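J.: please find the sequence and the predicted model below.
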Amino acid sequence: MTQMTRIVLASRPTGSPEPANFRLEDAPIPEPGEGQIAVRITAMSLDPYMRGRMDDAKSYAAPVPVGGTMEGGAVGQVTASNSKHFAPGDWVFGMFGWATHAVADAKLCRKLDPALPVTTALGVLGMPGFTGWFGLMEYGRPKAGETVVVAAATGPVGSMVGQIAKSLGCRVIGIAGGADKCAMAVDTFGFDACLDHRAHDDAKSLRAALQAECPKGVDIYFENVAGKVLEAVLPCMNVGGRIPVCGMISWYNEGGLGMNAGGAKDQLPKLWRTILVNRLHVHGFIISDHWARFPEFMAQVAPMVADGRLAYVEDVAEGLAAAPDAFIGMLQGRNRGKQIVRVG
């Protein structure tokens with residue numbers, strides 16, 4: 001086989017991505033150079049951060065060029081190796097992109113434990129799970145008896161946050177979109193309760209429901225969503241509360257780093273004053289700055305996954321061609337659990 005298939009960024013979206021922003025095309029399979037490996041991809045990850053890479057705007061990483069392969073983490077088997085650390089047949093994770101085959105620098109890839117399902121490297125034991133664990137432990141600093149609220153509770157980040165917080169003796173309240181996701185948060189991931197933000201027309205209504213579930217206030221809010229959810233939670237924060245800021249998916253389609261997203265500019269004075277008055281610790285973080293902590297994460301969490309103490313759910317789309325629709329659906333909240341694409 002000499003040809004591969006890939007999905008490239010055909011055009012930059014304005015607002016929500018559309019199928020026309022992507023293009024499926026064939027290309028020659030590249031040959032690995034010195035220190036590189038060639039990989040046949042079997043599954044790939046879809047993550048909200050990818051929406052930001054579609055914009056030509058200042059961010060913490062360069063945008064995908066128009067005509068370039070959509071970026072993303074993936075797993076697969078090594079087919080050829082010019083590295084002493086990998087051999088053909090090894091299962092690996094790397095930033096291989098939306099494609100059936102890839103070549104990558106071996107030093108940027110991770111060999112996978114064949115005793116665990118390889119797709120766990122895309123979610124619960126990959127970047128999303130690590131993000132949830134690190135953000136909670138480093139910036140949430142949970143203590144037994146505290147109340148933790150988690151936005152996007154059933155995603156791979158939120159479900160990790162909730163389960164780790166529960167294991168440390170916290171009361172955990174999720175916020176998710178839809179009754180089925182709320183049921184999953186409680187029944188599968190062990191949350192104490194979960195609120196359906198779609199059942200509330202505005203932040204005031206959602207806040208009232210949250211206050212009923214959190215009579216002692218909120219000590220930690222793990223922020224994945226922003227928008228109405230942030231507006232609802234913020235007045236419930238206790239003095240000295242902590243807010244790890246992981247994402248703000250409700251604003252991603254606004255583009256760039258401007259303050260026009262979702263009325264954020266209008267909310268800024270109220271937000272800033274609440275941070276001051278309640279002496280809140282608000283900490284934004286990008287997980288790629290903290291890979292040195294990944295072995296610690298694996299040492300703590302991998303055994304919990306292996307013996308079933310920590311649950312995970314994968315939403316699988318079949319075939320590379322299904323990736324654009326699955327990605328658009330994920331941004332709209334259609335996925336249930338970690339969104340992956342089975343490539344081959």
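T.: In hand now; what should we look at? Numbers count the residues shown, from 1 in each chain.

J.: in this structure, where is pLDDT below threshold?
T.: Low-confidence regions of the chain, defined here as pLDDT under 70, cover residues 249-268.

J.: tell me which stretches of it form helices.
T.: With DSSP state H as the criterion, the chain has helices at 49-53, 127-134, 156-167, 179-187, 203-213, 227-233, 264-277, 294-306, 323-331.

J.: this structure - how does it break down into domains?
T.: As recorded under automatic domain parsing, the domains making up the chain are 3-122+312-342, 127-287.

J.: output these as a markdown table; include the columns distance to residue 303.
T.: Just so you know, the C-beta spots here come from the backbone N, C-alpha and C atoms, and that holds for glycine as well. Compiled in a markdown table, these are given as follows (distance: least, C-beta to C-beta, whole Å):
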| stretch | distance to residue 303 |
| --- | --- |
| domain 3-122+312-342 | 11 |
| domain 127-287 | 12 |
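
J.: just name the most buried of those.
T.: Per-residue neighbour counts averaged over each of the domains of the chain give the maximum for domain 127-287, namely a mean of 20 (mean count of other C-beta atoms under 10 Å).

J.: got the end-to-end distance for that domain?
T.: 8 Å (C-alpha to C-alpha, to the nearest Å).

J.: surely residue 330 is in contact with residue 48?
T.: Yes. If you go by C-beta atoms under 8 Å, residue 330 and residue 48 touch, sitting 7.1 Å apart.

J.: residue 223 contacts residue 247, doesn't it?
T.: Yes. Applying C-beta under 8 Å as the test, residue 223 and residue 247 come out as touching, 7.2 Å apart.

J.: quick one, which of the helices of the chain is nearest to residue 81?
T.: Closest to residue 81 of these is helix 294-306 (C-beta to C-beta; 22.5 Å).

J.: just the strands in the stretch 1-150 of the chain please.
T.: According to DSSP state E, counting those that start in this stretch, the stretch 1-150 of the chain carries its strands in the segments 3-9, 22-28, 36-45, 74-81, 91-94, 101-105, 110-111, 147-151.

J.: just checking: what are the partner strands of the last one?
T.: Strand 147-151 has the following strand partners under DSSP bridges: strand 171-176 (parallel), strand 218-222 (parallel).

J.: let's have these in a markdown table, adding distance to residue 290.
T.: Conversion of those to a markdown table gives the following (distance: least, C-beta to C-beta, whole Å):
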| stretch | distance to residue 290 |
| --- | --- |
| strand 171-176 | 23 |
| strand 218-222 | 16 |
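
J.: which one of the ones you listed lies nearest to residue 52?
T.: With distances scored as C-beta to C-beta, the stretch of those nearest to residue 52 is strand 218-222 (19.3 Å).

J.: distance-wise, check the residue most central in space within the chain relative to residue 179.
T.: Taking C-alpha atoms, centre = their mean, the centroid of the chain lies closest to residue 128, which sits 4.5 Å from it. According to C-beta to C-beta, to the nearest Å, residue 128 and residue 179 sit 23 Å apart.

J.: next: residue 13.
T.: With distances taken as C-beta to C-beta, residue 13 is found 30 Å from residue 179.

J.: repeat that for residue 59.
T.: Between residue 59 and residue 179 the distance is 34 Å, computed by C-beta to C-beta.
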